[in-house]
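Peer 1: show me the folded form of this:
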Amino acid sequence: MADDVVLKNATETAWTVYRARHPDVDAHDGRRCLMERHLHRRWEERQSDTEELATFGLAYLYRLPRDEC
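Peer 2: Okay, the predicted model is just below:
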C-alpha cells in the first residue's frame, strides 16, 4: 500500500514539473503512461523514495523524443 503512494506521488510530481516546463503538453499525453511504467520498473529494481523516483521520471521524460509520443 505504501508502495503505491510512493509511486503515485513520484509520478504526479514529475508530471507536474514536466508540464510546468512544457505547457504545450496535454495532461493526457502518452508520455505520462510511459513514465509511469518506467518508474514502476525502476522502483521494483531499487526501492527508492518519492523524490528520487520523481527525479528519475523527469530524466526519463526529457530523454523521450518529442515526435515519438
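Peer 1: check the burial of residue 60 by counting its neighbours.
Peer 2: Other residues lying near residue 60 total 18 when counted by other CB atoms under 10 Å. From N, CA and C alone the C-beta is placed, and that goes for glycine too.
Peer 1: where's the residue positioned nearest the centre of the chain, which helix or strand?
Peer 2: What sits nearest the mean C-alpha location of the chain, by CA atoms, centre = their mean, is residue 57, with 3.6 Å. Applying DSSP states H and E as the criterion places residue 57 in helix 50-63.
Peer 1: so which elements touch that helix?
Peer 2: helix 2-21, helix 30-45 (3 or more CB pairs under 8 Å, 6 or more residues apart in numbering; DSSP states H and E).
Peer 1: mind putting these into TSV with distance to residue 61 and mean pLDDT?
Peer 2: TSV is the format used below for the helices and strands packed on helix 50-63 (distance: least, CB to CB, whole Å; pLDDT from 0 to 100):
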stretch	distance to residue 61	mean pLDDT
helix 2-21	5	92
helix 30-45	6	94
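Peer 1: and the ones you listed: which comes nearest residue 52?
Peer 2: helix 2-21 (8.0 Å; CB to CB).
Peer 1: contacts for the closest one, please.
Peer 2: Residues outside helix 2-21 that contact it (CB atoms under 8 Å, 6 or more residues apart in numbering) are 25, 27, 31-32, 35-36, 39-40, 43, 47-58, 61-62.
Peer 1: burial measure for residue 56, as a count.
Peer 2: Neighbours around residue 56, by other CB under 10 Å: 19.
Peer 1: distance of residue 25 relative to residue 18?
Peer 2: 7 Å (CB to CB, to the nearest Å).
Peer 1: nothing else from me, thank you.
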